[in-house]
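Chemist: Structure for this input, please:
(2 chains)
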Amino acid sequence: GQNIDQPTEMTATEGAIVQINCTYQTSGFNGLFWYQQHAGEAPTFLSYNVLDGLEEKGRFSSFLSRSKGYSYLLLKELQMKDSASYLCAVNMNRDDKIIFGKGTRLHILP
Amino acid sequence: SAVISQKPSRDICQRGTSLTIQCQVDSQVTMMFWYRQQPGQSLTLIATANQGSEATYESGFVIDKFPISRPNLTFSTLTVSNLSPEDSSIYLCSVADGAGYGYTFGSGTRLTVV
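Modeler: From the prediction side, this is the model:
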């Protein structure tokens, strides 16, 4: 079966850096997404990696290693508004659907 | 990116009834996806809706319980049938925005079954 693992919860301090890891074992792979979801809201797209390496977008960066089935999302200069759930999702190249991990709830402390 | 209008935003339904959720997209898309998000949980894919063919359901989800319509390339409905309290959840539709641009989600429908 398909398996996408990420930590359930993490806590970090305002202004600091946090890395959220995601490991996956899927029958196919055509890219990995990171989404942010605030409570009561729909997920919003953060990043997409299909090739190995680091993609940087402002305070957020995402890394992918396909050989290791591993990705991380790096958040820098944390702000209180970054308190949210972060969802790792994999496109397995079947009907273009994406499968989500269970999400990591990030708490930011002042 | 695509803009999705999802209705209703919330509803409270009686046990044994059905609820139909609508999603309207501002552009033509080949596939639309329906997800369920139970309280405190991540998103679980229910089915993929293709225009002109039967929806493709994920393991654990069946057409009799979650019938889907896809009459054209901008619209889809998901019906949750024979409701029970276990169906209380948020239901979201989603479309792909194109390679590398992520998937856009509707604002969600919060269903409470009493």
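
Chemist: How are the strands of the chain distributed by residue range?
Modeler: No chain was given, so I picked chain A. In chain A, the strands defined using DSSP state E lie at A:3-5, A:9-13, A:18-25, A:32-37, A:44-49, A:53-57, A:60-65, A:70-75, A:84-91, A:98-100, A:104-109.

Chemist: Let me rephrase: I mean chain B.
Modeler: B:4-7, B:10-13, B:19-25, B:31-37, B:43-50, B:56-57, B:68-72, B:75-80, B:89-96, B:103-105, B:109-113.

Chemist: helices or strands next to the third one in the packing?
Modeler: Just to be clear, that refers to strand B:19-25. Using 3 or more CB pairs under 8 Å, 6 or more residues apart in numbering or on different chains; DSSP states H and E, the elements in contact with strand B:19-25 are strand B:4-7, strand B:75-80, strand B:89-96, strand B:109-113. All C-beta spots, glycine's among them, are computed from the backbone N, C-alpha and C.

Chemist: Same list (those strands) but as JSON lines, adding mean pLDDT, distance to chain A and mean neighbour count.
Modeler: Output for the helices and strands packed on strand B:19-25, formatted as JSON lines (pLDDT from 0 to 100; distance: least, CB to the nearest CB, whole Å; neighbours: other CB atoms under 10 Å in any protein chain shown):
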{"stretch": "strand B:4-7", "mean pLDDT": "96", "distance to chain A": "9", "mean neighbour count": "18"}
{"stretch": "strand B:75-80", "mean pLDDT": "97", "distance to chain A": "14", "mean neighbour count": "21"}
{"stretch": "strand B:89-96", "mean pLDDT": "95", "distance to chain A": "5", "mean neighbour count": "23"}
{"stretch": "strand B:109-113", "mean pLDDT": "97", "distance to chain A": "8", "mean neighbour count": "18"}
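
Chemist: mind checking how far A:Thr23 is from chain B?
Modeler: Applying CB to the nearest CB, to the nearest Å, the value for A:Thr23 to chain B is 15 Å.

Chemist: wait, what's in contact with A:Arg105?
Modeler: A:Thr8, A:Glu9, A:Met10, A:Ala84, A:Ser85 (CB atoms under 8 Å, 6 or more residues apart in numbering or on different chains).

Chemist: rerun that using 7 Å as the cut-off
Modeler: A:Thr8, A:Glu9, A:Ser85 (CB atoms under 7 Å, 6 or more residues apart in numbering or on different chains).

Chemist: how deep is A:Ala12 tucked in, by neighbour count?
Modeler: 18 (other CB atoms under 10 Å in any protein chain shown).

Chemist: Cross-check the contact I'm expecting between A:Tyr70 and A:Thr23.
Modeler: Yes: using CB atoms under 7 Å, A:Tyr70 is in contact with A:Thr23, at 5.3 Å.
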